[in-house]
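**Q** requesting a structural model of the entry that follows:
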Amino acid sequence: MTDTADTAPGTTQQAAGDTLQSALRNAVEQELPRTVADLCALVKIPSVSWAAFDPEHVATSARAVAALVREIGIFDSVTVTQAGIPGTAELGQPAVLATRAAKNGRPTVLLYAHHDVQPPGQDEQWDSPPFEPTVRGDRLYGRGAADDKAGVMAHVAALRALLSATGGDLDLGLALFIEGEEEFGSRSFASFLTDNRDALRADAIVVADSNNWDISTPAITIGLRGNVTFRLTVSTLAHASHSGMFGGAVPDAMMATIKLLGTLYAADGSVAIDGLTSHDAPTPPYDESALRQETGLLDGVAPIGHGSILSRIWSQPALTVTGIDAPSVANASNTLTPSVSVQISVRIAPGQSAGQAAGVIEAHLRANAPFGAHITIDDLDTGEPFLVDTGGWAIAETRQAMNAAWGVEPVDIGVGGSIPFIADLVREFPDAQILVTGVEDPDSRAHSPNESLHLGVFKRAILSEAFLLGQLNDRTGH
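**A** Numbering: from 1, shown residues only. Next comes the predicted model:
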């Protein structure tokens, strides 16, 4: 005899879940052409948030996003708002904030993405104009097509599907925060959180601004490196002098800079600064051929560093000289250069504070300045690394949703880049579980010419989020 009192409730719950997933699949599929068209309309807006670009484009982008969010009809409030930049009288770029109160003991989820984009770079390096979205094969090309207007549209499309599949019968609490200056350092982010703390308070936060393992395998980002960036100026002379007359007797700033920069690296190319730490974490299989394919490493050029390749990218510090102010080749003369400035970007491994890392970097530079060269460090900016607590209910729900949407288990990944504002989220909402997901894949080339979005990945990312929100709409006891 079957004990229906024990088995029926679980069976009924599973059947209801299967029915909802089927409805969500149909809704995502039917709305996909509209979703891609709306994404293309956003990509056409050149919403570069950097100071040298027209801020009206970012404002136009914010208004367009707000219109899409209002159109869903799911939020109690949708506004375009700005917050102050600490230490200045300026306002940050406009962001979109939308809220919906939870009911009947359901959790509240904060959905984050950003609508601003990187500068396009040189147009001639693009195969199609950066702000004219173009589909070639399975990919949509354009600046912001992946990073992060696809993240914006993943939220919008998942909410549309959820509304369609449930007929509007929702108890889930929602907050939506679409930032307007992530690519320019999130300068007003901390103020925005403080100003809107009650509206943004949530049990789980979904940050849709990361990668997937490949076009067939989803990923949850559980580790992010932090960053320390600064300008280093090396000076050796009060004025320029003729290199033939005095070369060989006095050090010019270029020589001193080259020698000083050389002390930052070990023989294998890894960072050689005492006090910078690494994080010990397992990494999935990833070989040198994959690295070469994804980065364009030239034949005969060897990778740098030690340990597994992914540990070098996810869990060890890295240092890059990203710019240099010195006489150009076109303007070169036989002169001893008195002063040289370089921009340095250091990625900090999870587990080390950015402030402590900045201190040991400065100590190294001052201790190793050759010939007594004078050095100045300014324009210092830091961002904290982050490690996700993988033991919470929200991670478990996300894994379940991704597995259902993609048909494979998600991979836990680290990311070599940084998302410093996550430290602000942790500070303001210490009890919230943070989920870092995304729509990109290894060929998306975010920040680079020919940035693109794989449309299959996009569809599955939308479906994953729709499944997650559907599951949480039925969840109590968070």
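**Q** per-domain residue ranges of this protein.
**A** Split into domains by automatic domain parsing, the chain comes to 11-224+386-473, 226-279+316-383.
**Q** closest to residue 293 out of the ones you listed?
**A** Closest approach to residue 293 among the domains of the chain is made by domain 11-224+386-473 (8.4 Å; C-beta to C-beta). Where you see a C-beta, it was placed from the backbone N, CA and C, and this is true even at glycine.
**Q** off-centre distance for that closest one?
**A** Computed by C-alpha atoms, centre = their mean, to the nearest Å, the separation of domain 11-224+386-473 from the middle of its chain amounts to 11 Å.
**Q** what mean pLDDT does it have?
**A** On average, the pLDDT along domain 11-224+386-473 is 95.
**Q** residue contacts, the closest residue to residue 462 other than its chain neighbours?
**A** What sits nearest to residue 462 in space, not counting adjacent residues and going by C-beta to C-beta, 6 or more residues apart in numbering, is residue 157, at 4.5 Å. Residues in contact with residue 157 (C-beta atoms under 8 Å, 6 or more residues apart in numbering) are 28, 31, 32, 35, 462, 466.
**Q** export the domains of the chain to TSV and tack on distance to residue 291?
**A** As requested, the domains of the chain are exported to TSV (distance: least, C-beta to C-beta, whole Å):
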stretch	distance to residue 291
domain 11-224+386-473	10
domain 226-279+316-383	13
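**Q** residue 287: which of those is closest?
**A** Smallest distance to residue 287 across those (C-beta to C-beta): 13.3 Å, for domain 11-224+386-473.
**Q** distance-wise, check the closest residue in space to residue 333 that isn't next to it in sequence relative to residue 137.
**A** The spatially closest residue to residue 333, leaving aside those adjacent along the chain, is residue 327, at 7.2 Å (C-beta to C-beta, 6+ apart). Distance from residue 327 to residue 137, counting by C-beta to C-beta, to the nearest Å: 45 Å.
**Q** when the two are compared, which one has more neighbours?
**A** Of the pair residue 327 and residue 137, residue 327 is the one with more neighbours under other C-beta atoms under 10 Å, namely 13 against 9.
**Q** could you pull up the residues touching that one?
**A** Counting by C-beta under 8 Å, 6+ apart, residue 327 makes contact with 333, 335, 337.
**Q** could you tell me whether the first one really is in a strand?
**A** Translated: residue 333. No - Residue 333: not assigned to a strand; according to DSSP: H, G, I helix; E, B strand; the rest coil it is coil.
**Q** who does the nearest residue to residue 247 once chain neighbours are set aside bridge with?
**A** Nearest residue to residue 247, sequence neighbours excluded (C-beta to C-beta, 6+ apart): residue 336, at 6.3 Å. In this entry, residue 336 is beta-bridged to residue 241, by DSSP bridges.
**Q** residue 336: how many residues sit nearby?
**A** Residue 336 has 22 nearby residues by other C-beta under 10 Å.
**Q** now do it against residue 249, distance only.
**A** Here residue 336 is placed at a distance of 10 Å from residue 249 (C-beta to C-beta).
**Q** which residues touch residue 147?
**A** Counting by C-beta under 8 Å, 6+ apart, residue 147 touches 117, 118, 209, 440, 444, 446, 447, 451.
**Q** same thing but 7 Å
**A** Counting by C-beta atoms under 7 Å, 6 or more residues apart in numbering, residue 147 touches 440, 446, 447, 451.
**Q** ok, so of the residues you listed, who is nearest residue 475?
**A** residue 440 (28.0 Å).
**Q** thought the closest one was touching residue 211?
**A** Yes - the pair residue 440 / residue 211 is scored as a contact, 4.6 Å apart, by C-beta atoms under 7 Å.
**Q** give me the more crowded residue out of these two.
**A** Legend: neighbour count by other C-beta under 10 Å for residue 440 and residue 211, higher for residue 440 (27 against 23).
**Q** name whatever forms a beta bridge with residue 232.
**A** The partner residues for residue 232, given DSSP bridges, come to residue 342, residue 377.
**Q** separation between it and residue 215?
**A** Residue 232 is 40 Å from residue 215, by C-beta to C-beta.
**Q** so for the two, which sits in the more crowded spot?
**A** The neighbour comparison of residue 232 against residue 215 (other C-beta under 10 Å) goes to residue 232, with 22 against 16.
**Q** contacting residues around that one?
**A** 341, 342, 344, 365, 375, 377.
**Q** quick check: the third one is in a strand.
**A** I take that to be residue 344. Yes - counting by three-state DSSP, residue 344 is found in a strand.
**Q** with adjacent residues omitted, what lies nearest to residue 209?
**A** Of all residues not flanking residue 209 in the chain, residue 148 sits nearest, at 5.0 Å (C-beta to C-beta, 6+ apart).
**Q** out of the domains of the chain, which one sits most buried?
**A** Ranked by mean neighbour count under mean count of other C-beta atoms under 10 Å, the domains of the chain are led by domain 11-224+386-473, which reaches a mean of 20.
**Q** hmm, back to that, check the secondary structure at the residue nearest to residue 462 for me.
**A** Strictly by three-state DSSP, residue 157 counts as helix.
**Q** state the distance from it to residue 36.
**A** 9 Å.
**Q** check contacts around residue 119.
**A** So residue 119 contacts 48, 50, 53 (C-beta under 7 Å, 6+ apart).
**Q** still on that earlier bit, in which helix or strand would I find the residue nearest to residue 333?
**A** Residue 327 belongs to no helix or strand when elements are defined using DSSP states H and E.
**Q** give me the phi and psi for it.
**A** Dihedral angles of residue 327 (phi, psi; degrees, to the nearest 10) stand at phi -60, psi 140.
**Q** over to residue 92?
**A** Dihedral angles for residue 92 - degrees, to the nearest 10 - are phi -70, psi 180.
**Q** quick check: closest non-adjacent residue to it.
**A** Using C-beta to C-beta, 6+ apart, the closest residue to residue 92 is residue 188 (2.6 Å).
**Q** helices or strands up against the helix or strand hosting residue 401?
**A** Taking DSSP H and E as the criterion, residue 401 maps to helix 393-406. Judged by 3 or more C-beta pairs under 7 Å, 6 or more residues apart in numbering; DSSP states H and E, helix 393-406 is in contact with strand 433-440, helix 455-473.
**Q** to residue 164, which of the ones you listed lies closest?
**A** Closest to residue 164 of those is helix 455-473 (C-beta to C-beta; 9.6 Å).
**Q** neighbouring contacts of the closest one?
**A** 20-21, 24-25, 28, 32, 36, 106-107, 109, 138-140, 150, 154-155, 157-158, 161-162, 165, 170-172, 206, 212, 215, 218, 397-398, 400-402, 404-406, 439, 441.
**Q** where do the helices of the stretch 251-400 of the chain begin and end?
**A** Here the stretch 251-400 of the chain has its helices, by DSSP state H, counting those that start in this stretch, at 253-262, 288-295, 309-314, 354-367, 393-406.
**Q** export only the CA atoms of the fourth one, formatted as CSV.
**A** Taking Å, rounded to 0.1, in the frame of the first residue of the first chain, the C-alpha atoms of helix 354-367 are listed here in CSV:
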residue,chain,number,x,y,z
ALA,A,354,43.9,46.2,-1.4
GLY,A,355,45.1,48.7,1.1
GLN,A,356,47.7,46.3,2.5
ALA,A,357,48.8,45.4,-1.1
ALA,A,358,49.2,49.1,-2.0
GLY,A,359,51.5,49.5,1.0
VAL,A,360,53.8,46.7,0.0
ILE,A,361,53.9,47.8,-3.6
GLU,A,362,54.9,51.3,-2.6
ALA,A,363,57.6,50.0,-0.2
HIS,A,364,59.1,47.9,-3.0
LEU,A,365,59.2,50.8,-5.4
ARG,A,366,60.9,53.1,-2.9
ALA,A,367,63.4,50.4,-1.8
